[in-house]
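> sequence below, structure please.
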Amino acid sequence: MISESSRDGLAGALREWRTRRRVSQLELAMRAGTTQRHLSFIESGRSAPGRSMIIRLGEALQVPIRERNELLLAAGFAPVYPQTRLDDPQLAPIRTALERILHGHLPYPAVVVDRHGDLVSANTAFHALAAGVAPHLLVPPVNVPRVLLHPQGLAPRIVNLDEWAWHIIDSVQAESVRNPDDQLQRLAHELIGLAPPRPCPSPHHLGFAVPLRLRTHDPADDRELTLITTLTHFGTAIDVTIAELRLEAFLPADQATSAMLAELLERWVSCGPSAGVQRMRGPGVSPASAGIVHTESSPFDV
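Model (predicted):
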């Protein structure tokens, strides 16, 4: 039986998600296949929805599946979306797919991160790109936005640091607003403290495709990499762990950068470890496999 406190918790949570998504009761009702009257009763706590209705409302509001479980719990139901450890045998096909994707991006850098930007896995090209990062930034959990913007990370090598830093910060803040999370909000606050002042809008601004202009690690090499990034996720995942994984790839914006990335990777593979450069390694990265998903530990606990 659903208690009054459970009803109130669910009603408030649904109103909050609907307000956050800027969806009217009528529009949400149509999306979820119910009536505005019924939805109004649910949001006022006068009606107790069934499990299937809560799931439909969560889907219609694009609520992350971790939070859909919380909606179900608030209504007195058991969670329906599992949260499987990444090293679980059931996820072997997912691990294999991630390995192939990361390897397939070579010689271009690519990483897999969780919802907070913490490193799950990285390919060898990303290790090469991040050469020279301070060891304390590589202690798990390795946060990729922090590595990029920290003064002992990649920040001193980023030519357009003001523009790129605020591109990252705006993305983190937007995600923390869209899907509230205390850890994301703390990360955004930390990154703001690391960033230079926000630049004034440029007449040459081209929208959201902000390139990353990065100097090479070698001080004697004055060449510059120009990179664009892409984000990929599992769009139909029904497991919390899988749904929260993000693949970020750093792709060359020109032929010169493409050639330089191939050169950097070759140099890293041949002499990186022997030169004493530390490899970036998160809880999901195996030192033996140079950045492919490690199956003995995972940042995701059930």
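
> pLDDT below threshold where in the chain?
1-8, 201-209, 272-302 (pLDDT under 70).

> show me the strands in it, by range?
Under the criterion DSSP state E, the chain carries strands at the ranges 110-113, 119-122, 212-215, 224-232, 246-252.

> what's the closest of the ones you listed to Pro141?
Between Pro141 and the strands of the chain, the shortest gap by CB to CB is with strand 119-122, which sits at 7.0 Å. Quick note: C-beta positions are derived from backbone N, CA and C, even for glycine.

> just put the strands of the chain in CSV and tack on mean neighbour count and distance to Ile54.
Formatted as CSV, the strands of the chain follow (neighbours: other CB atoms under 10 Å; distance: least, CB to CB, whole Å):
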stretch, mean neighbour count, distance to Ile54
strand 110-113, 26, 29
strand 119-122, 27, 30
strand 212-215, 20, 41
strand 224-232, 16, 29
strand 246-252, 18, 26
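
> and the ones you listed as a markdown table, adding distance to Pro199?
Listed next are the strands of the chain as a markdown table, based on distance: least, CB to CB, whole Å:
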| stretch | distance to Pro199 |
| --- | --- |
| strand 110-113 | 26 |
| strand 119-122 | 28 |
| strand 212-215 | 13 |
| strand 224-232 | 18 |
| strand 246-252 | 22 |
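
> distance of His233 from Arg246?
His233 sits 5 Å away from Arg246, going by CB to CB, to the nearest Å.

> OK, contacts around the residue lying closest to Leu214 once chain neighbours are set aside?
Of all residues not flanking Leu214 in the chain, Leu225 sits nearest, at 4.6 Å (CB to CB, 6 or more residues apart in numbering). Contacts of Leu225 were listed using CB atoms under 8 Å, 6 or more residues apart in numbering, and they are 212-216, 252, 257, 260-261.

> among those residues, which two are most distant?
Farthest pair in those, by CB to CB: Arg215 and Pro252, 15.1 Å.

> and the residue nearest to Leu184 when sequence neighbours are not counted, how far is that from Val142?
Nearest residue to Leu184, sequence neighbours excluded (CB to CB, 6+ apart): Ser176, at 3.9 Å. Ser176 is 20 Å from Val142, where distance means CB to CB.

> which one's more surrounded, those two?
Taking other CB atoms under 10 Å, Ser176 and Val142 do not tie; Val142 has more neighbours (25 against 19).

> tell me if I'm right that the more buried one and Ser121 touch.
No: using CB atoms under 8 Å, Val142 is not in contact with Ser121; the gap is 10.6 Å.

> and the closest residue to Arg18 other than its chain neighbours, what does it touch?
Leaving aside its sequence neighbours, Arg18 sits nearest to Leu28 (CB to CB, 6+ apart; 5.7 Å). Contact partners of Leu28, counting by CB under 8 Å, 6+ apart, are 18, 39, 57, 60-61.

> quick check: Leu28 vs Leu39, distance?
6 Å.

> dump the residue contacts of Tyr81.
65-66, 68-69, 238-240, 243.

> roughly how far apart are it and Ala32?
18 Å.

> need the nearest residue in space to Val210, chain neighbours excluded.
His167 (4.2 Å).

> sorry, back to before: in the contacts of Leu28, find the pair that's most separated.
For those, and using CB to CB, no pair is farther apart than Leu39 and Leu61, which are 11.3 Å apart.

> who's more crowded, those two?
Leu39 (23 against 19).

> follow-up on the earlier one: would a markdown table of the contacts of Leu225 with distance to His150 be doable?
Shown next, in a markdown table, are the contacts of Leu225 (distance: CB to CB, whole Å):
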| residue | distance to His150 |
| --- | --- |
| Leu212 | 15 |
| Arg213 | 18 |
| Leu214 | 14 |
| Arg215 | 16 |
| Thr216 | 18 |
| Pro252 | 24 |
| Thr257 | 23 |
| Met260 | 23 |
| Leu261 | 22 |
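
> of the residues you listed, closest to Leu106?
The closest of the contacts of Leu225, once distances to Leu106 are taken by CB to CB, is Leu261, at 9.0 Å.

> can you pull the contacts of the nearest residue to the closest one once chain neighbours are set aside?
Distances taken as CB to CB, 6+ apart put Pro107 closest to Leu261, at 4.9 Å, once the chain neighbours are dropped. Pro107 makes contact with 125, 261-262, 264-266 under the criterion CB under 8 Å, 6+ apart.

> ok, 10 Å please
123-125, 128, 252, 258-266, 268-269 (CB atoms under 10 Å, 6 or more residues apart in numbering).

> phi, psi of it?
With angles defined as degrees, to the nearest 10, Pro107 shows backbone torsions of phi -90, psi 20.

> if I look at the residue nearest to Leu39 when sequence neighbours are not counted, how far off is Leu14?
Spatial nearest neighbour of Leu39, excluding adjacent residues (CB to CB, 6+ apart): Ala29 at 4.6 Å. Distance of Ala29 to Leu14, given as CB to CB: 12 Å.
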